[in-house]
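Student: I'd like to go over a predicted model; first the sequence, then the structure.
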Amino acid sequence: MVIERAPLEDELGDVLDKAITCLGLTCNEVAARAQVSAENLQNVIDYCATFTAPELDRLAAVLSLNPRGLRAVASECYPLPEISGLPFCLYPLRMRHGIGVANAYLVANCSADWGVLFDAGTAGDKLWRSWPSKINRVAAIFLTHYETEHSGGLEALRKKFPGVAVFGPASTIRPTGTIVLEDQAKVTEGEFSIQVISTPGHTEGHHCYKVSAKHAPDGSSLLISGDLLFAGSIGGAYYCSDRLNRSLHTITDDASKSMVIAPGHGPLTTIENERTYNPFLV
């Protein structure tokens, strides 16, 4: 069972802005190479205009983007898959962040009153508003990174669940008491196996987590992708665009197409869907 619905994190302007930044180009340089109006390009980035399909294809070529995906984002009808096949319950905890949402996730046996939490939300009070009433205990908390919208509720969680183990990536800003996990480490919590994948780029310390159920080895697995990969986009390369691109391919190149992606912002998706439509997966 999955409880789900959220808007996309990024619009066309965000996707173009991130692609331009990752390549280290200026809007004028991109406009000249793609033979589009520089003024219109800036207007699109500012959410005030759009491009024709031929213009989008030329921009995709210049920015090394998937043209089908770029058109899908521009259409404002980005295809999203039906989410099914997970051998456990997934509870997305949605919290308002800017004009979109930030996500935390609880993974639990559907008949159990406890779960494993991924990210800590923007703040405790906002986390409790979307908290499932049947979950009374958290076995562990895994943080993808330490931006406020993903760790802001941590102290409230520690008060509610004293002694809970908190895991995350190495970072000079990691909260006190966080247990650092290295790349490819595996942690078992009850019936859940959690594999760590180090994915720097958005921030210096960033983890994705692959979650599978030991009782259902052939069932679909779940990827908690943090701010690396979204439905229809990627996270901003605030630390390093080259590292972000390598991290992106680390988690997508060899993954099962049925793997469900649970991103830090926006709706759930799958590896198959993003390979088809995500502008950044070429």
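Tutor: That came through, no problem.

Student: Now for the closest residue to K214 other than its chain neighbours: which residues touch it?
Tutor: Take K214 and drop its neighbours on the chain: the residue closest to it by C-beta to C-beta, 6 or more residues apart in numbering is E191, 5.2 Å away. Backbone N, C-alpha and C define where each C-beta goes, glycine included. By C-beta atoms under 8 Å, 6 or more residues apart in numbering, the residues touching E191 are F88, N109, A213, K214, H215.

Student: Please pick the buried ones from the residues you listed.
Tutor: Listed as buried from those are F88, N109, A213; burial here means 16 or more other C-beta atoms under 10 Å.

Student: now the helices for this structure?
Tutor: Along the chain, counting by DSSP state H, helices occupy 12-23, 27-34, 38-45, 53-63, 67-74, 124-129, 148-151, 154-160, 241-252, 271-277.

Student: what is the mean pLDDT for stretch 273-282?
Tutor: Mean pLDDT, computed over stretch 273-282, is 96.

Student: Switch the helices of the chain over to TSV; also include mean neighbour count.
Tutor: Converted to TSV, the helices of the chain look like this (neighbours: other C-beta atoms under 10 Å):
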stretch	mean neighbour count
helix 12-23	21
helix 27-34	16
helix 38-45	17
helix 53-63	18
helix 67-74	21
helix 124-129	16
helix 148-151	22
helix 154-160	17
helix 241-252	18
helix 271-277	20
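
Student: Out of those helices, which is closest to Q195?
Tutor: The closest of the helices of the chain to Q195 is helix 241-252. By C-beta to C-beta, the value is 10.9 Å.

Student: Okay, buried residues for stretch 87-106 please.
Tutor: 87-95, 97, 100-106.

Student: now do stretch 168-187
Tutor: Of the residues in stretch 168-187, those buried (16+ other C-beta under 10 Å) are G168, P169, S171, R174, T178, L181, V187.

Student: nearest to E155, of the residues you listed?
Tutor: Using C-beta to C-beta, the buried residues of stretch 168-187 come closest to E155 at T178, 12.2 Å.

Student: Ramachandran angles for the residue nearest to K214?
Tutor: Torsion angles at E191 (phi, psi; degrees, to the nearest 10) stand at phi -90, psi 0.

Student: What of the one 10 residues further on?
Tutor: For G201, the backbone dihedrals are phi 140, psi -60 (criterion: degrees, to the nearest 10).
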